[in-house]
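Asker: how would this look folded up:
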Amino acid sequence: AASSAAAAAAAAAQAQRLLSERDVVMLLHEKGALALPQLIKHFKEVLPSFGAEEKKYLQDIIKKVAKLDKRADGSYAVLKDTTMHEYGLRRP
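Answerer: Sure, this is the predicted structure:
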């Protein structure tokens, strides 16, 4: 059990090195709003490995920096006003 916990911790640490909050913020700022599956797909394509730990880490970042905008065609991540202010961004 200790080795699997160590492996999970190592995977989480690697995800944090390869994926930053700023990456998510800048992508959402550029796109305006992004469907959750598209957002996850984007990072799956750019990260060398994308497993459960990376997905959880990405979801934690999304929860911190974005709000969900539920639309007829699905849920979209949109930057929170507080995130926009924190990063000195303006809505396009």
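
Asker: now the element after the lowest-mean-pLDDT helix or strand in the chain, going C-ward?
Answerer: Between all helices and strands in the chain, the lowest mean by mean pLDDT, DSSP states H and E belongs to helix 2-18, at a mean of 67. Later in the chain than helix 2-18, the nearest helix or strand by DSSP states H and E is helix 21-31.

Asker: what residues sit buried inside that following helix?
Answerer: Buried residues in helix 21-31, counting neighbours by 16 or more other Cβ atoms under 10 Å, are found at 21, 24-25, 27-29, 31. Any C-beta I mention is one placed from the backbone N, CA and C, and that applies to glycine too.

Asker: for that helix, packing partners?
Answerer: Under the contact criterion of 3 or more Cβ pairs under 8 Å, 6 or more residues apart in numbering; DSSP states H and E, helix 21-31 touches helix 36-46, helix 52-65, strand 74-79.

Asker: now that helix: mean pLDDT?
Answerer: Average pLDDT, helix 21-31: 95.

Asker: which residues does it contact?
Answerer: By Cβ atoms under 8 Å, 6 or more residues apart in numbering, the residues outside helix 21-31 that reach it are 34, 39, 42-43, 58, 61-62, 64-66, 77-79, 83-84, 87, 89, 92.

Asker: just the buried residues out of these, in ChimeraX syntax.
Answerer: Buried subset of the contacts of helix 21-31, written as a ChimeraX selection, criterion 16+ other Cβ under 10 Å:
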select :34,39,42,43,58,61,62,65,66,77,78,79,83,84
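
Asker: could you export stretch 21-38 as PDB, CA atoms only?
Answerer: What follows is stretch 21-38 as a C-alpha-only set of coordinates in PDB (Å, rounded to 0.1, in the frame of the first residue of the first chain):
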ATOM      1  CA  GLU A  21      -3.100  26.900 -13.000                       C
ATOM      2  CA  ARG A  22      -1.800  29.600 -15.400                       C
ATOM      3  CA  ASP A  23      -2.000  27.200 -18.400                       C
ATOM      4  CA  VAL A  24      -5.700  26.600 -17.600                       C
ATOM      5  CA  VAL A  25      -6.500  30.300 -17.000                       C
ATOM      6  CA  MET A  26      -4.800  31.400 -20.200                       C
ATOM      7  CA  LEU A  27      -6.500  28.700 -22.300                       C
ATOM      8  CA  LEU A  28      -9.900  29.700 -20.900                       C
ATOM      9  CA  HIS A  29      -9.200  33.400 -21.300                       C
ATOM     10  CA  GLU A  30      -8.300  32.800 -25.000                       C
ATOM     11  CA  LYS A  31     -11.300  30.600 -25.700                       C
ATOM     12  CA  GLY A  32     -13.800  32.500 -23.500                       C
ATOM     13  CA  ALA A  33     -15.700  29.400 -22.600                       C
ATOM     14  CA  LEU A  34     -14.800  25.800 -23.200                       C
ATOM     15  CA  ALA A  35     -16.900  22.600 -22.900                       C
ATOM     16  CA  LEU A  36     -15.500  20.400 -20.100                       C
ATOM     17  CA  PRO A  37     -14.800  17.500 -22.500                       C
ATOM     18  CA  GLN A  38     -12.900  19.800 -24.800                       C
END
